[in-house]
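Colleague: only geometry, no sequence info:
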């Protein structure tokens, strides 16, 4: 009798669980079509939208409005159907050819050409992703063994791979993926002394976490093998002086030789575009990340993260003036606490802030050695270079 009661109890629990599963799965997308609430990475229709080199405002809104709760798999969850955009949404654009609109039913539509940049491609503004198509937050438990990141933290981070004259390969600088074709890094990572002291830029490595492993696993969760990509063009800011002490305009773009296929471990970071920009306050905590020097080793094998406070710009300028270095408004200072700083090997890497998504606020540039009390690190302020970035990139 006891055995029968236990069996009935198990059946009842199983039935309740099954009902819960179905309740969690069912959802309605923004078009009110029935779908399943699952991981974005398990939804081919919306993942294909996310992987496009540029998104329309409607596509970005559709992705945002497709999010759901209590899904299955890895966050973020979306209500997955075959839809990739709003249905029957009225749009009005302008034509660059005839100037005529064509009336179809009750919806007015016209043909349009996107503005082109100096090289004939689509304008850079349409090539930079906006949230939620960039800057995803981690959804895994933090490791934080010291300052180790989670496996899916900062998945836009790149490592630059150099080849020296004797054929040896060296991982040195960092960078950030800003769309599926471009890496943003520091100018001194691609020109000047690094070419003789380290070597010529050879490849870009994406999806990296632990340098000692081909596939990284943490608590039973594994990422994909590291992606190594060649490049076809390096664009250094025209005002950067490789021989200057001040490192003004220390910023550069690397155009990869093929578009990157995005996945949960390779995604672009958001940039502080004018439409989403917010002031950075003194003492506000930002995050710097990289594989650079730590107190114990010359290079960390595991991607590190560190919270650093924004330094007062006047204090920073006065401090570096004692070293005959002129810090200007297009540079951002952060850190200044003992042993807590970006360091060798972190150059070109990101200084970030999280709001609705992760935004790239600074590029690691230089400092007075590493982790000295009272000496903040100096970063290139990305918001000052958005116009240049948009003018330099192409489809």
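Modeller: Great, that's in hand. Here the structure is a predicted model, which is why all the values come from computation and not from measurement. Numbering: from 1, shown residues only.
Colleague: which residues touch stretch 31-46?
Modeller: 24-29, 47, 50, 63, 66, 68-84, 86-87, 263-264 (Cβ atoms under 8 Å, 6 or more residues apart in numbering). (C-beta placed from N, C-alpha, C; glycine too.)
Colleague: again, 7 Å this time
Modeller: 24-29, 47, 50, 63, 66, 68, 70-74, 76-84, 86-87, 263-264 (Cβ atoms under 7 Å, 6 or more residues apart in numbering).
Colleague: do a quick rundown of the helices in this protein.
Modeller: With DSSP state H as the criterion, the chain has helices at 2-25, 44-50, 57-65, 194-197, 313-321, 386-392.
Colleague: off-centre distance for the third one?
Modeller: Between the mean C-alpha point of helix 57-65 and the mean C-alpha point of its chain there is a distance of 19 Å (Cα atoms, centre = their mean, to the nearest Å).
Colleague: got it, and the fourth one?
Modeller: Between the mean C-alpha point of helix 194-197 and the mean C-alpha point of its chain there is a distance of 27 Å (Cα atoms, centre = their mean).
Colleague: next, the buried residues of it.
Modeller: For helix 194-197, a neighbour-count test (16 or more other Cβ atoms under 10 Å) marks residue 194 as buried.
Colleague: contacting residues around it?
Modeller: Contact with helix 194-197 is made by residue 188, as judged by Cβ under 7 Å, 6+ apart.
Colleague: could you give me the average pLDDT of that helix?
Modeller: Averaging pLDDT along helix 194-197 gives 94.
Colleague: again with the second one
Modeller: Model confidence over helix 44-50, given as mean pLDDT, is 84.
Colleague: now, of the contacts of stretch 31-46, which are buried?
Modeller: For these, buried by 16+ other Cβ under 10 Å: 24-25, 27, 29, 47, 50, 63, 66, 68, 71, 74, 76-81, 83, 86, 264.
Colleague: measure the closest residue to residue 263 other than its chain neighbours to residue 71 for me?
Modeller: Using Cβ to Cβ, 6 or more residues apart in numbering and skipping the chain neighbours, the partner closest in space to residue 263 is residue 224 (6.4 Å). Here the criterion is Cβ to Cβ, to the nearest Å. By it, residue 224 lies 21 Å from residue 71.
Colleague: okay, now the unreliable bits of this structure?
Modeller: 1-24, 53-55, 88-125, 139-146, 292-299, 336-345, 368-373 (pLDDT under 70).
Colleague: let's see that with 80 instead.
Modeller: 1-25, 51-57, 60, 72-75, 88-126, 138-150, 218-220, 292-300, 336-346, 368-374 (pLDDT under 80).
Colleague: ok, now which ones touch the residue nearest the centre of it?
Modeller: With distances taken as Cα atoms, centre = their mean, residue 269 lies nearest the centre of the chain, 1.9 Å away. Contact analysis of residue 269 by Cβ under 7 Å, 6+ apart lists 134, 135, 156, 176, 177, 178, 350, 358, 360.
Colleague: list phi and psi for the residue nearest to the fifth one when sequence neighbours are not counted.
Modeller: Closest residue in space to residue 177, ignoring its immediate chain neighbours: residue 156 at 4.2 Å, by Cβ to Cβ, 6+ apart. The phi and psi values for residue 156, taken as degrees, to the nearest 10, are phi -90, psi -10.
Colleague: residue 210 contacts residue 218, correct?
Modeller: No. Using Cβ atoms under 7 Å, residue 210 is not in contact with residue 218; the gap is 8.8 Å.
Colleague: count the residues that sit near residue 149.
Modeller: Using other Cβ atoms under 10 Å, residue 149 is surrounded by 23 other residues.
Colleague: just the strands from the stretch 201-350 of the chain, written as ranges.
Modeller: 217-218, 221-222, 227-229, 231-236, 252-256, 285-290, 304-309, 331-335, 350-354 (DSSP state E, counting those that start in this stretch).
Colleague: what's the burial count for residue 312?
Modeller: What residue 312 shows, counting by other Cβ under 10 Å, is a neighbour count of 15.
Colleague: quick check: it vs residue 384, distance?
Modeller: Taking Cβ to Cβ, one finds residue 312 at 18 Å from residue 384.
Colleague: next one: residue 160
Modeller: 23 Å.
Colleague: who has more neighbours, the two?
Modeller: residue 160 (27 against 16).
Colleague: domains of this protein?
Modeller: By the assignment in automatic domain parsing, the chain contains the domains 12-80, 157-392.
Colleague: most tightly surrounded among those domains?
Modeller: domain 157-392 (a mean of 19; mean count of other Cβ atoms under 10 Å).
Colleague: just the terminal-to-terminal distance for that one.
Modeller: Start-to-end span of domain 157-392 (Cα to Cα, to the nearest Å) is 21 Å.
Colleague: any idea how far that domain is from the middle of the chain?
Modeller: 12 Å.
Colleague: quick one on the thing from earlier: the spatially closest residue to the residue nearest to the centre of the chain that is not a sequence neighbour: how many residues sit nearby?
Modeller: What sits nearest to residue 269 in space, not counting adjacent residues and going by Cβ to Cβ, 6+ apart, is residue 156, at 3.9 Å. Residues near residue 156, counting by other Cβ under 10 Å, number 26.
Colleague: I'd say residue 177 and residue 159 touch.
Modeller: No. Residue 177 lies out of contact with residue 159 (Cβ under 7 Å); the separation is 11.4 Å.
Colleague: quick one, what contacts residue 202?
Modeller: 161, 162, 163, 169.
Colleague: show me what the second one is bridged to.
Modeller: So that's residue 162. residue 170, residue 201 (DSSP bridges).
Colleague: that one contacts residue 204, doesn't it?
Modeller: No. Using Cβ under 7 Å, residue 162 makes no contact with residue 204, being 10.8 Å away.
Colleague: and the nearest residue to residue 356 once chain neighbours are set aside, what does it touch?
Modeller: Nearest non-adjacent residue to residue 356, counting by Cβ to Cβ, 6+ apart: residue 131, 5.3 Å away. Residues counted as contacts of residue 131 (Cβ under 7 Å, 6+ apart) are 270, 356, 357.
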